[in-house]
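K.L.:
Here is a sequence with its predicted model. Questions after.
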Amino acid sequence: AQKVTQAQTEISVVEKEDVTLDCVYETRDTTYYLFWYKQPPSGELVFLIRRNSFDEQNEISGRYSWNFQKSTSSFNFTITASQVVDSAVYFCALSELTTGTASKLTFGTGTRLQVTL
Amino acid sequence: DAGITQSPRHKVTETGTPVTLRCHQTENHRYMYWYRQDPGHGLRLIHYSYGVKDTDKGEVSDGYSVSRSKTEDFLLTLESATSSQTSVYFCAIRESGTGVNTEAFFGQGTRLTVV
C-alpha cells in the first residue's frame, strides 16, 4: 500500500532563512508520481510540482527546489530565502500506477510552515 | 483555474440527519475524488470515481456514500451525520489517461459542522 510521511508537523523560520520540508514515501511500484501542494491560510490547495519515478533530476523554480532521491524514497522541498507569503501548509502526495483504473492520490499529513519577520 | 465548484461552501447540520455535498466540474475530467481534511490527519480519501457510475472506496469511507450519474457531478452523502464527520471536505478532479501522472485540481472546500 502506498504511504506518505511528512514527519515535520510545524516549522517556524525567520524571513530570508532557507527551509527544507521532508517527504518520505512507500510504494511497491516502480512507476509512480510524486506531487507537492501548498495550502495558504485562505484554504485552497495549489499544485506546485509533479515528478515521475524515472526522473531523478532536481528541479528548481525560482526560490523553490525539489530533491528526489529514490535510494532513500524521499522527495524533499526547499524554499530558499523564505518570505512571509510562503507561510502555508505544504502537502506531499503519491500516485501509483498499479492501483487499477482509478489511481489514488495519497497525501501526507502536511507540514505547517510559519515565516516571520 | 480548473472549473470545479463545491456546494454548499458551509453547512451546519444536526446529528442523525442525511447531508449531501455536491462537486461539479466543467473540465470533462474522468477522475473525481472526495477528501476530508482534519488537523493532524492531512487529506484522507473518502471515495473516488473513475467514470460515470464507477466508484470505489478510499481509506475513510465508513458512513459515506457517493454517486456519479453524470461526468460533471460527483455527490457525497453522509447517510446519518455524526459529530466525527465535522470536517472540511474537498473535491478533486484529474485528467484522463492513466490517471497516475496528472495533478489533481481541488475545489474550494466545504466546511461541514455536525452539532
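P.N.:
All right, it came through fine. Numbering: from 1, shown residues only, chains lettered A, B, ... in the order given.

K.L.:
And the strand ranked longest in chain B, how far out from the chain middle?
P.N.:
With secondary structure taken from DSSP state E, chain B has its longest strand at strand B:42-51. Centroid separation for strand B:42-51 versus its chain: 7 Å, with Cα atoms, centre = their mean, to the nearest Å.

K.L.:
Contacts only, for the spatially most central residue of chain B.
P.N.:
For chain B, the residue nearest the mean C-alpha position is B:W34 (2.6 Å; Cα atoms, centre = their mean). Applying Cβ atoms under 8 Å, 6 or more residues apart in numbering or on different chains, we find B:W34 in contact with B:21, B:23, B:45-48, B:58, B:64, B:66, B:74, B:76, B:89-92. Glycine gets a C-beta too; all of them are placed from N, C-alpha and C.

K.L.:
who does it bridge with?
P.N.:
B:H47, B:C91 (DSSP bridges).

K.L.:
and it, how far is that from B:Q25?
P.N.:
B:W34 is 13 Å from B:Q25, where distance means Cβ to Cβ, to the nearest Å.

K.L.:
okay, and for chain B, where does confidence drop off?
P.N.:
B:1-2, B:96-100 (pLDDT under 70).

K.L.:
Let's see that with 90 instead.
P.N.:
For chain B, the stretches with pLDDT under 90 are B:1-2, B:30, B:39-40, B:50-51, B:94-104.

K.L.:
which parts of it sit against chain A?
P.N.:
Within chain B, the positions lying close to chain A (Cβ under 8 Å from any Cβ of the partner chain) are B:31, B:33, B:35, B:40-45, B:48-50, B:54, B:56, B:58, B:88, B:90, B:92, B:94, B:98-106, B:108-109.

K.L.:
Selection in PyMOL covering whichever of these are buried, please.
P.N.:
What follows is the PyMOL syntax for the buried subset of the residues of chain B next to chain A, where burial is set by 16 or more other Cβ atoms under 10 Å in any protein chain shown:
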select buried, chain B and resi 31+33+35+42+43+44+45+48+49+50+56+58+88+90+92+94+99+100+101+102+103+104+105+106+108+109
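
K.L.:
Are there residues contacting both of B:W34 and B:Q25? Which ones?
P.N.:
B:F74.

K.L.:
so B:A104 touches A:L105, yeah?
P.N.:
Yes. B:A104 lies in contact with A:L105 (Cβ atoms under 8 Å); the separation is 5.5 Å.

K.L.:
Could you name every residue contacting both of these two?
P.N.:
The contact lists of B:A104 and A:L105 share A:F35, A:A93, B:Y33, B:A92, B:R94, where a contact means Cβ under 8 Å, 6+ apart.

K.L.:
how about the residues of chain A near chain B?
P.N.:
Contact residues, chain A versus chain B (Cβ under 8 Å from any Cβ): A:6, A:9, A:31-33, A:35, A:43-45, A:47, A:50, A:52, A:91, A:93, A:95-97, A:100-110.

K.L.:
ok, 6 Å please
P.N.:
A:33, A:35, A:43, A:45, A:47, A:50, A:95, A:97, A:101-103, A:105, A:107-110 (Cβ under 6 Å from any Cβ of the partner chain).

K.L.:
What subset of those residues is buried?
P.N.:
In those, the ones that pass as buried (16+ other Cβ under 10 Å) are A:33, A:35, A:45, A:47, A:50, A:95, A:97, A:102-103, A:105, A:107-110.

K.L.:
will you turn these into CSV that also has secondary structure and pLDDT?
P.N.:
Output for those, formatted as CSV (DSSP: H, G, I helix; E, B strand; the rest coil; pLDDT from 0 to 100):
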residue, secondary structure, pLDDT
A:Y33, strand, 90
A:F35, strand, 94
A:L45, coil, 95
A:F47, strand, 93
A:R50, strand, 90
A:S95, strand, 88
A:L97, coil, 69
A:A102, coil, 57
A:S103, coil, 73
A:L105, strand, 86
A:F107, strand, 94
A:G108, coil, 95
A:T109, coil, 95
A:G110, coil, 96
